[in-house]
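>>> Just to be clear, the model below is a prediction. Sequence and coordinates:
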Amino acid sequence: MNYYRQGDLAITPIKRLPKGLKKVKSNVLAYGEATGHKHRLLEILPQTENQFEILEDDKGNKYLDIKHPTDLVHEEHKKLTIDRGLYFIKNEKEYNYFEEETARVID
Amino acid sequence: MRRKPQELLIKMAKFNIKKERIKYNPIRERRTMSNLGTSAMFVGPITTPPGAPIITIQPKIDPEGPVKWKGEVEVYFLNNVIFNKYLWMALVEKKIVSLKGILRLGNIEQRMAAIRFMGIEWLLKESKAELIDKSERGNELYRIDKIFRQPAYFLKYKDISTDRVYFSGVDPEALKNEEKKNRNGELADKAMGWKFSWSLKEYNKLKIES
């Protein structure tokens, strides 16, 4: 199972999905808050083929169930092709020494 | 081209006057300013003491001089911290550019706000931050002592798609007790892995990135 990174987004393989996830209707994994850019999965198969599913827990953490290899695109980053499998989506974080706390990187 | 302070003030005042009526609320004001991010500068009036009735702000902008707020007091902010006008202008105009000069400021909040305004890249250079590890993947880990409450670790890395260079803080807890025993690139890569909540082992598995 491959690990992937596209800019500030990390895609980590996992063995199983947690329970209680809800399907996300959008194909966008993450938005750039300052730039408006998007990390987006490309749908190339008809929806009936169930190419991939984006799922979310009640805290807003996102998961991926890729059933067919799927391209992840972004306005500034090169395209990645994600293999079949289950994944957890993580955002880049950083430590702010002024606030003395860890926060998600905002782009 | 560097902007004159008047131009900066006018630009920011135009941004502020979108809200014609505000109720003084220090908590809300602080939150609003925080949302502007680390490099935001803010010029705004302190209008009335807490609990005062709603007032109307009517800024009058004179292109030949500083921003004047009709019937209001001019107050200058840098990263949420109040500065006097001359100190604010010296910082914005980059007349104070040495870390030594900033560390001379008596107010600790002003010192931190000024350093934050100058930026991490500037801080690494000015503080003569020590490069403590560099990896084959191009991650560079720096340590700065005696500026923050604890030794501070910053990672310098390049985005492989855009070639942009970034500087980003790493949690000192993540590198605790690792500095002496773990170099040759491993510490810098461990710091980079931490940014994505990966262990060093997981980060080493990352082969596909853009």
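The structure has been received and is ready for your questions. Just so we're clear, the structure is a prediction, and the values are computed from it rather than from any experiment.
>>> switch to C-alpha atoms for all contacts and neighbour counts from now on
Will do.
>>> Quick one: residues contacting residue A:21.
Going by CA atoms under 8 Å, 6 or more residues apart in numbering or on different chains, residue A:21 touches A:55-58.
>>> And the pLDDT for it?
With respect to pLDDT, residue A:21 scores 96.
>>> Leaving out chain neighbours, which residue sits closest to it?
residue A:57 (4.8 Å; CA to CA, 6 or more residues apart in numbering or on different chains).
>>> Can I get the contacts of residue A:21 in TSV including secondary structure?
What follows is the contacts of residue A:21, written out as TSV (DSSP: H, G, I helix; E, B strand; the rest coil):
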residue	secondary structure
A:55	strand
A:56	strand
A:57	coil
A:58	coil
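>>> Next, format these as a markdown table and append pLDDT and neighbour count.
Listed next are these as a markdown table, based on pLDDT from 0 to 100; neighbours: other CA atoms under 10 Å in any protein chain shown:
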| residue | pLDDT | neighbour count |
| --- | --- | --- |
| A:55 | 97 | 21 |
| A:56 | 96 | 19 |
| A:57 | 96 | 15 |
| A:58 | 94 | 9 |
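>>> hmm, back to that, pretty sure the residue nearest to residue A:21 contacts residue A:23?
No: contact criterion CA atoms under 8 Å: residue A:57 and residue A:23 do not qualify, at 9.1 Å.
>>> How about the contacts made by the residue nearest to residue B:195 when sequence neighbours are not counted?
Leaving aside its sequence neighbours, residue B:195 sits nearest to residue A:93 (CA to CA, 6+ apart; 4.9 Å). If you count contacts by CA under 8 Å, 6+ apart, residue A:93 has them with A:102-105, B:195-196.
>>> For residue B:118, grab the count of nearby residues.
Applying other CA atoms under 10 Å in any protein chain shown, we find 20 residues neighbouring residue B:118.
>>> Contacts only, for residue B:190.
By CA under 8 Å, 6+ apart, the residues touching residue B:190 are B:199-200, B:203.
>>> Turn those residues into CSV, columns for neighbour count, secondary structure and pLDDT.
CSV is the format used below for the contacts of residue B:190 (neighbours: other CA atoms under 10 Å in any protein chain shown; DSSP: H, G, I helix; E, B strand; the rest coil; pLDDT from 0 to 100):
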residue, neighbour count, secondary structure, pLDDT
B:199, 17, coil, 94
B:200, 17, helix, 93
B:203, 20, helix, 96
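>>> Let me know the closest of the residues you listed to residue B:183.
residue B:200 (12.4 Å; CA to CA).
>>> re the thing from before, output the contacts of residue A:21 as TSV; include the columns distance to residue A:2.
Shown next, in TSV, are the contacts of residue A:21 (distance: CA to CA, whole Å):
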residue	distance to residue A:2
A:55	19
A:56	21
A:57	23
A:58	26
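>>> Doesn't residue B:115 lie inside a strand?
No: per three-state DSSP, residue B:115 lies outside any strand segment and is helix.
>>> how much space between residue B:167 and chain A?
From residue B:167 across to chain A, the span is 10 Å (CA to the nearest CA, to the nearest Å).
>>> Tell me how far that residue lies from residue A:87.
Using CA to CA, to the nearest Å, residue B:167 is found at 28 Å from residue A:87.
>>> Give me the more crowded residue out of those two.
residue A:87 (25 against 18).
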